[in-house]
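In: here you go, sequence then predicted model.
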Amino acid sequence: MLEIEKIRGDFPILGKGVIYLDNAASSLTPRQVVDKEVEFYEEYRANVERGVHKFSQKASEEYEEAHSIVADFIGAPSADNIVMMKNTTEGINFVANSHDWKKGDKIVTTIIEHHSNFITWIRVAKRHGCMLEVVKSDKEGRFCLSDFEKAIDDRTKLVALTGVSNVLGCITPVKEVASIAHEHGALVLEDGAQSVPHLRTDVKDSEVDFLAFSGHKMLGPTGSGCLYIADSSLYSVEPLCIGGGTIADVGLDAYELAEPPLRFEAGTPAIAQSIGLGEACKYLERLTMDYVESRDKILTRRLVEGLSKIENVTIYGPSDLKDRLGIVSFNINGMNPHDVALTLDSEYNVAVRSGHHCALPLIKELLKMPGGTVRASTYFYNTEEEIDVLVEAIRDISKRLS
């Protein structure tokens, strides 16, 4: 059993007296990742894939190694499948803009998506005359596979869905949906912003064609993230940008793109951030993702069970805790969620998120809560005692309304 206090020692910010439960928005970063970024700036600060001098060669080696580390972390065939991005949103938009959409093409997504995996497809549909179908879940975020079977047909070009809802914490049936989609020749994009940091990921098993995720939600630096592209799509999708670093040859009237992933990474990349993301993956691998998931489940259960005992608190998401991971959205009935979050911050030093969580269709259409919710989200470095502080704080705040 890993000692939680030893783990927390890797996160100096936890010593500031704040109970940090806003991990779905952004995780904290351990000193090992910060040190790795500093190493780049202090020891071999240079551009990558450009120079023959020692600094450039070392920087290139570390940058390429980061691709390999991330590939291993998600079970990708090789580093060629990993394109460094600045976040999940950029990865999703890459996919949206890299296809030759035709009028009548169909895109399928779901009602529980983050805006990044929702409005992007509304824009594609409007620009290119595509059809967009939204599959709905129940209020707990559970889907019927038969609804996907009805929505996905031979006109469907892409199915885009989240792995874990950033509001409900529900785990979606990505693998099963991918199987349905592939029967119709459709590609599948998983928004892995909430799933990759908390669940063991194997893209060969899920058989998704694209997986976008963010480094800042999994111990990495801000401005870091990845897009996984399956072998079958590596040469069929167009780069979002072309220019320096993306070419193998250029003539007066033509050019030849470099091999993946270079063909997709135009200009000077976020070198330090990418190297830092590789170090974040190494940190999680040392812990093991089984440990990360088990900690999330322990903390989530404690939080849900604690909040459920408070009379005028409503909890959203799966009632069966095996279907929920690390995210608990709730409201104190009769109190604005922002007021709850501000009170938790100012009086109890507890940091949570409040509002619509960039998921308005879910909040308005599914939960019927236009004001949004309070969202507490855990990570492996949180403790049971911190969960208890939050629960007791909500109990105290709730009593004031009596």
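Out: That came through, no problem.
In: from here on, contacts and neighbour counts on C-alpha atoms
Out: Will do.
In: how about the helices in the stretch 201-350 of the chain?
Out: 203-206, 271-287, 289-307, 337-348 (DSSP state H, counting those that start in this stretch).
In: just say which of the ones you listed is most tucked in.
Out: Most buried of the helices of the stretch 201-350 of the chain by mean neighbour count (mean count of other Cα atoms under 10 Å) is helix 271-287; its value is a mean of 23.
In: low-confidence ranges, the stretch 201-350 of the chain, go.
Out: By pLDDT under 70, the stretch 201-350 of the chain contains no weakly predicted segment.
In: and F55, how far is that from S179?
Out: Plainly put, F55 is 46 Å away from S179 if you go by Cα to Cα, to the nearest Å.
In: follow-up on the earlier one: how about the helices of the stretch 201-350 of the chain in TSV, adding distance to L362?
Out: Formatted as TSV, the helices of the stretch 201-350 of the chain follow (distance: least, Cα to Cα, whole Å):
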stretch	distance to L362
helix 203-206	25
helix 271-287	30
helix 289-307	20
helix 337-348	16
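In: between the ones you listed, which one is closest to W121.
Out: helix 203-206 (22.2 Å; Cα to Cα).
In: show me which helix runs longest in the protein.
Out: helix 54-74 (DSSP state H).
In: what's next to that one, contact-wise?
Out: The contact list for helix 54-74 (Cα atoms under 8 Å, 6 or more residues apart in numbering) reads 40, 43-51, 77-84, 196, 200-203, 271, 274-275, 277-279, 281-282, 285.
In: need the CA coordinates for the helix or strand just after it. PDB is fine.
Out: Downstream of helix 54-74, the next assigned helix or strand under DSSP states H and E is strand 82-85. This file holds the C-alpha atoms of strand 82-85, laid out as PDB (Å, rounded to 0.1, in the frame of the first residue of the first chain):
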ATOM      1  CA  ILE A  82       0.900  10.300 -30.900                       C
ATOM      2  CA  VAL A  83       0.500  14.000 -31.900                       C
ATOM      3  CA  MET A  84       1.400  16.500 -29.300                       C
ATOM      4  CA  MET A  85      -1.400  19.100 -28.700                       C
END
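In: pull up the pairing partners for strand 82-85, direction included.
Out: Taking DSSP bridges as the criterion, strand 82-85 pairs within the sheet with strand 225-229 (antiparallel).
In: gap between the partner strand and the chain center?
Out: In terms of Cα atoms, centre = their mean, to the nearest Å, the centre of strand 225-229 is set 11 Å apart from its chain centre.
In: just want the angle from it to helix 54-74.
Out: 60 degrees (axes from the mean of the first three to the mean of the last three Cα atoms, to 10 degrees).
In: what does strand 225-229 rub up against?
Out: So strand 225-229 is in contact with 76, 81-88, 91, 209-216, 274, 277, going by Cα under 8 Å, 6+ apart.
In: now the angle from that strand to helix 271-287?
Out: Going by the same axes, to 10 degrees, strand 225-229 makes 80 degrees with helix 271-287.
In: torsion angles phi and psi at the residue of the chain most remote from its centre?
Out: In the chain, the residue that sits farthest from the middle, by Cα atoms, centre = their mean, is L252; the gap is 41.4 Å. Dihedral angles of L252 (phi, psi; degrees, to the nearest 10) stand at phi -70, psi -30.
In: roughly how far apart are it and M335?
Out: From L252 to M335 the distance is 65 Å (Cα to Cα).
In: swap in P318?
Out: The value you get for P318 to M335, if Cα to Cα is used, is 23 Å.
In: more neighbours: those two, which one.
Out: A direct count of neighbours by other Cα atoms under 10 Å for P318 and M335 places P318 higher, at 20 against 13.
In: is that one in contact with R324, as I believe?
Out: Yes: contact status for P318 versus R324: in contact at 5.9 Å, counting by Cα atoms under 8 Å.
In: between those two, which contacts overlap?
Out: Listed contacts common to P318 and R324 are L168, G169, C170; contacts here mean Cα under 8 Å, 6+ apart.
In: in the sheet, who's paired with the residue nearest to the second one when sequence neighbours are not counted?
Out: In this case it means G169. Sequence neighbours aside, I327 is the residue nearest to G169 in space, at 4.7 Å (criterion: Cα to Cα, 6 or more residues apart in numbering). Taking DSSP bridges, one finds S377 as the beta-bridge partners of I327.
In: quick one: I327 and L299 touch, right?
Out: No: applying Cα under 8 Å as the test, I327 and L299 come out as separate, 9.8 Å apart.
In: per-residue confidence for M1?
Out: We have a pLDDT of 48 for M1.
In: part of a helix, is I13?
Out: Yes: looking at I13 with DSSP: H, G, I helix; E, B strand; the rest coil, it is inside a helix.
In: any idea how far it lies from S274?
Out: Note on I13: its distance to S274, by Cα to Cα, is 22 Å.
In: with Y291 instead?
Out: Y291 is 24 Å from S274, by Cα to Cα.
In: G215 too?
Out: In terms of Cα to Cα, G215 sits 9 Å off from S274.
In: now for those two: what residues contact both?
Out: Taking Cα under 8 Å, 6+ apart as the criterion, G215 and S274 both touch S224, G225.
In: spatially central residue in this structure, please.
Out: A193 (0.5 Å).
In: find the nearest non-adjacent residue to it, please.
Out: Nearest one to A193, counting by Cα to Cα, 6+ apart, is F213 at 4.4 Å.
In: ok, the one you found touching G192?
Out: Yes: under the criterion of Cα under 8 Å, F213 makes contact with G192 at 4.8 Å.
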